[in-house]
Each structure stands twice: as structure tokens, then as C-alpha cells.
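[1] what's the 3D shape of this:
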Amino acid sequence: MLASYYHSQPAAFITTMAREVARCNSMQQNPQSINVPLTICIFKAKSEILQCVEMLIDKMQSEIASLLVEVMDITLHCVDNIELKTKGLSEVCPSICRFNQISHCSQTRRIAVVPATAIWPFTNCVKINVK
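    As a prediction, this is how the structure comes out:
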């Protein structure tokens, strides 16, 4: 189902998935929605979403380069955090490490993503802590 959509419009797919990830993360952090069961499709389809993102990176790397921050948000949402801590980003998701704008430090457990719109890479760097 997702395969037909991400082939035709990769930017729309990435943007939509990033919005869903942000919505789900805000639902988890909101104390008023703790009693709401989190049986949303994005939780059930993590492996399929990650597979689609990896195929997009493999086939359409130039189109994805402008959406690296969103792709990283989706990837971190879909990857198992324990596996990411033990193995590292290059083993868990090797396709995302093809971009030289993404860096992972195993000691501090931080991932740095430089957006495509950055004028100076170090001033616009987005740091993500892996919990």
C-alpha cells in the first residue's frame, strides 16, 4: 500500500510520515492523552515505513537529500532504540549513513543532521539525542 504512494511522490510521503511521527510523539508526551491507547497505524507499520524510507534513499537519493531532518525523525521513530544503542546507526540503518550530512557519535549517543538549507553547517546543525 505504501509502496505505490512513495514511488510517485517521495517528498509528500516523507512530509506526511514526519507529521505523523510528530503527532504521535506529542500524543505520547501529553499527560492528558496517557489513557488513550496508542494503536495508531504508524506504530503497527514501523518496519514497513522504515523499509519504504530505505528504498527511497536507495532509489531517489537526490530527492531525499533536501528532507534529511524529516527522514531522520522517521528513521529514529521506526528503529528500535536498544538496537541503535548497541549496534550504532551505520549497522541499524546503513542507507541513511550514505549522506555525509548525517553523523552519529556512539559515545555521546547523539546524531547530528545538517539540513540542505544550511548556509554554515555548524550553525544550523540539528542534534538529536538517542534515549
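[2] the longest helix in this structure is where?
    helix 10-29 (DSSP state H).
[3] return the distance of that one from the chain's centre.
    Relative to the centre of its chain, helix 10-29 is centred 9 Å away, using C-alpha atoms, centre = their mean, to the nearest Å.
[4] elements contacting that helix?
    helix 2-8, helix 41-44, helix 46-59, helix 61-64, helix 68-78 (3 or more C-beta pairs under 8 Å, 6 or more residues apart in numbering; DSSP states H and E). For glycine as for every other residue, the C-beta is placed from the backbone atoms N, C-alpha and C.
[5] lowest-confidence stretch among these?
    Mean pLDDT values for those show the minimum at helix 2-8, a mean of 67.
[6] list of residues touching stretch 53-71?
    Stretch 53-71 is contacted from outside by 3, 6, 10-11, 13-15, 17-18, 74-75, 78, 93, 95-96, 98-99, 101-102, 113-117, 126, using C-beta atoms under 8 Å, 6 or more residues apart in numbering.
[7] show me which of those residues are buried.
    The neighbour count (16 or more other C-beta atoms under 10 Å) marks 6, 10, 13-14, 17-18, 74-75, 78, 93, 95-96, 99, 101-102, 113-115 as buried among the contacts of stretch 53-71.
[8] just name the most buried of the helices and strands packed on helix 10-29.
    Looking across those with neighbours counted as mean count of other C-beta atoms under 10 Å, the highest average goes to helix 68-78: a mean of 22.
[9] and that helix with helix 10-29, angle?
    For helix 68-78 against helix 10-29, the angle by axes from the mean of the first three to the mean of the last three C-alpha atoms, to 10 degrees is 50 degrees.
[10] export helix 68-78 as PDB, just CAs?
    Presented in PDB, the C-alpha positions along helix 68-78 are these (Å, rounded to 0.1, in the frame of the first residue of the first chain):
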ATOM      1  CA  LEU A  68      17.100  14.800   5.700                       C
ATOM      2  CA  VAL A  69      15.800  16.200   9.000                       C
ATOM      3  CA  GLU A  70      12.400  14.700   8.400                       C
ATOM      4  CA  VAL A  71      13.900  11.400   7.100                       C
ATOM      5  CA  MET A  72      16.000  11.200  10.300                       C
ATOM      6  CA  ASP A  73      12.900  11.800  12.500                       C
ATOM      7  CA  ILE A  74      11.000   9.000  10.800                       C
ATOM      8  CA  THR A  75      14.000   6.700  11.000                       C
ATOM      9  CA  LEU A  76      14.600   7.200  14.700                       C
ATOM     10  CA  HIS A  77      10.900   6.700  15.300                       C
ATOM     11  CA  CYS A  78      10.900   3.400  13.500                       C
END
